[in-house]
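In: what follows is a predicted protein model with its sequence.
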Amino acid sequence: MRQRTDPPLRKFPWELWLGVAFAVAAKGPVGFIITVLPMSLEIFFAAFLSLQPDTGEPRGVKYKLGWILREGWRMAPIRGVLLCSVGVVPWYIAAGLTVNWDFVRAVVIYQNFTRFFVGFDHLQPWWMYLQSIWADMLPLSLLIPFGLYYGFRYLREFRWRVLLLWAVFTVAFFSVSASKQSKYILPAAPAFAMLALAAVELLFRTENLHRFVRKLVSGVAVFFIGLFALGVFWWLPKHHETFNGSGGLQEIKDAVAKAPAPVVSFQWPRSMTLYCLGAPMPYVRSSRELYQKIHDGVIKPGDYILVPERFLPVADQESDKFVPAPSKLAFEDVLHVTAEEPMRLYRVRPEAAMLPVPETPEPAKLEWWQQFDTD
């Protein structure tokens, strides 16, 4: 804001580009798009929403386009992009050398472009956020229509213009995306909050009522901040084991520690499982693959099989289930726990190698990115 509103300021805008760098580090290319594009749009609109942004005199389109280029250059885009790259490029190189380059490709291409254009999961209609924002941003969402009106009414003022473009662009950008979740538009929440609170002045013009509403909103904010702090610093430490399933996973870890052996997950292990039990963790996608690896000696007697209960069979010949159901003859039932979900830990007996490989249907072929847990 200081860089845009103080023309004599010519120093490198560290605050601006460090913010962009954190966004890129958190979300990759999307972090760059949802920060730099709104800033670029603000500069563009600034040139055309007033007679002339620096002198107030009427000027032609050619002059205004030149001003846009000069103002954009004053934001030091080349050095800014280099600063953003310093934080993420070394990580991509290290990940490529440590894991492989397909993993980097999955993080950059799949998590950003494939999700945006294909949306194979979280498919929602374009108007989803127009429906979900009201519940997601309560109670401020009640004031958002008035805040948007306030932003458009004072569009010539920098502070309201940047907030409006920040909020509207974020929602519009993710509305175009094929893949949608409510959390995607959280970066717009601060802008919506400031616009919504600005509407208080518009709606409650008398000083006494205005003062009452400001105190009421401040009180609600303090209450929720206090409630959040209480949850984070008091409730969560007391209940974290049941809250995230780490207590059950610790039971699994303790059971394996008594008789150490490799743990193989039936189906892809979830993130908390990998975090608590260690990654990478080998996994199988079907009973056919499991029994074939037992026959081939890849999975040996004494190894553990970790099975979420949702993969235990309800009907035979389900390609993603553990069929036939694990028998006591072939698998020792070691532990039943509730972790991220109800899970069972089995141990392979030597007799498992004597059982035939079940002719279950082959699971669907994995896409190239599904071999990695990029979430």
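Out: Looks like it arrived, so ask away.
In: which helices and strands does whichever helix in the chain runs longest pack with?
Out: Longest helix in the chain by number of residues (criterion: DSSP state H): helix 207-230. With contacts taken as 3 or more CB pairs under 8 Å, 6 or more residues apart in numbering; DSSP states H and E, helix 207-230 sits against helix 189-203. From N, CA and C alone the C-beta is placed, and that goes for glycine too.
In: the inter-axis angle of the helix it packs on versus helix 207-230?
Out: 160 degrees (axes from the mean of the first three to the mean of the last three CA atoms, to 10 degrees).
In: tell me the buried residues in helix 189-203?
Out: Using 16 or more other CB atoms under 10 Å as the test for burial, helix 189-203 gives 191, 192, 193, 194, 195, 196, 197, 198, 199, 200.
In: just the CA atoms of it, as CSV, please.
Out: Output in CSV follows, covering the C-alpha atoms of helix 189-203 (Å, rounded to 0.1, in the frame of the first residue of the first chain):
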residue,chain,number,x,y,z
ALA,A,189,-11.7,-13.7,3.8
PRO,A,190,-9.7,-10.7,5.2
ALA,A,191,-10.8,-8.5,2.2
PHE,A,192,-14.5,-9.5,2.7
ALA,A,193,-14.2,-8.9,6.4
MET,A,194,-12.9,-5.3,5.9
LEU,A,195,-15.5,-4.6,3.2
ALA,A,196,-18.3,-6.0,5.4
LEU,A,197,-17.2,-3.9,8.4
ALA,A,198,-17.0,-0.8,6.2
ALA,A,199,-20.7,-1.3,5.5
VAL,A,200,-21.4,-0.7,9.2
GLU,A,201,-20.8,3.0,8.6
LEU,A,202,-23.1,2.9,5.5
LEU,A,203,-26.0,1.2,7.3
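In: and it, how far out from the chain's middle?
Out: Computed by CA atoms, centre = their mean, to the nearest Å, the chain-centroid distance of helix 189-203 equals 26 Å.
In: show me what that helix is packed against.
Out: Partner elements for helix 189-203 (3+ CB pairs under 8 Å, 6+ apart): helix 144-153, helix 158-176, helix 207-230.
In: how about 6 Å then?
Out: Applying 3 or more CB pairs under 6 Å, 6 or more residues apart in numbering; DSSP states H and E, one finds that helix 189-203 contacts helix 144-153, helix 158-176.
In: quick one: closest of these to residue 360.
Out: helix 158-176 (39.3 Å; CB to CB).
In: need the contact partners of that closest one.
Out: Contacts with helix 158-176, where a contact means CB atoms under 6 Å, 6 or more residues apart in numbering, come from 5, 34, 38, 41-42, 126, 129, 151, 154-155, 184-185, 187-188, 191-192, 194-195.
In: likewise stretch 275-289?
Out: By CB under 6 Å, 6+ apart, stretch 275-289 touches 246, 249, 253, 264-265, 268-269, 274, 290, 319, 322-323, 357-358, 360, 363.
In: at 7 Å what do you get?
Out: 246, 249-250, 252-253, 262-269, 274, 290, 293, 319-320, 322-323, 357-358, 360, 363 (CB atoms under 7 Å, 6 or more residues apart in numbering).
In: try stretch 16-34
Out: Applying CB under 7 Å, 6+ apart, the set of residues contacting stretch 16-34 is 3, 35-36, 80, 83-84, 87-88, 107-108, 111-112, 170, 173, 187.
In: among those, name the buried ones.
Out: 3, 35-36, 80, 83-84, 88, 107, 111-112, 170, 173, 187.
In: ok, of the contacts of helix 158-176, which come out buried?
Out: Buried among those by 16+ other CB under 10 Å: 34, 38, 41-42, 129, 151, 154, 184-185, 187-188, 191-192, 194-195.
In: farthest-separated two in those residues?
Out: 154 and 184, at 27.7 Å, using CB to CB across those.
In: on that earlier part again, now, the contacts of stretch 275-289 that are in strands?
Out: Secondary structure from DSSP state E places 263, 264, 265, 266 of the contacts of stretch 275-289 in strands.
In: between these, which is closest to residue 213?
Out: Nearest to residue 213 among the ones in strands among the contacts of stretch 275-289, with distances taken as CB to CB, is residue 265, at 53.9 Å.
In: hmm, the closest one is touching residue 307, no?
Out: No: counting by CB atoms under 7 Å, residue 265 stays clear of residue 307, with 8.1 Å between them.
In: what stretches of the stretch 101-250 of the chain score poorly on pLDDT?
Out: 119-121, 201-207, 210, 239-245 (pLDDT under 70).
In: can you do 90?
Out: 101-163, 174-250 (pLDDT under 90).
In: ok so, going back, quick one: which of the ones in strands among the contacts of stretch 275-289 is nearest residue 328?
Out: Checking the ones in strands among the contacts of stretch 275-289 one by one against residue 328 (CB to CB), the nearest turns out to be residue 266, at 17.3 Å.
In: quick one, phi/psi of the closest residue to residue 268 other than its chain neighbours?
Out: Nearest residue to residue 268, sequence neighbours excluded (CB to CB, 6 or more residues apart in numbering): residue 283, at 5.7 Å. Dihedral angles of residue 283 (phi, psi; degrees, to the nearest 10) stand at phi -150, psi 160.
In: from the contacts of stretch 16-34, which ones fall inside strands?
Out: Going by DSSP E, the strands hold none of those.
In: about what we covered before: which one (most neighbours) among the ones in strands among the contacts of stretch 275-289?
Out: residue 266 (25 neighbours; other CB atoms under 10 Å).
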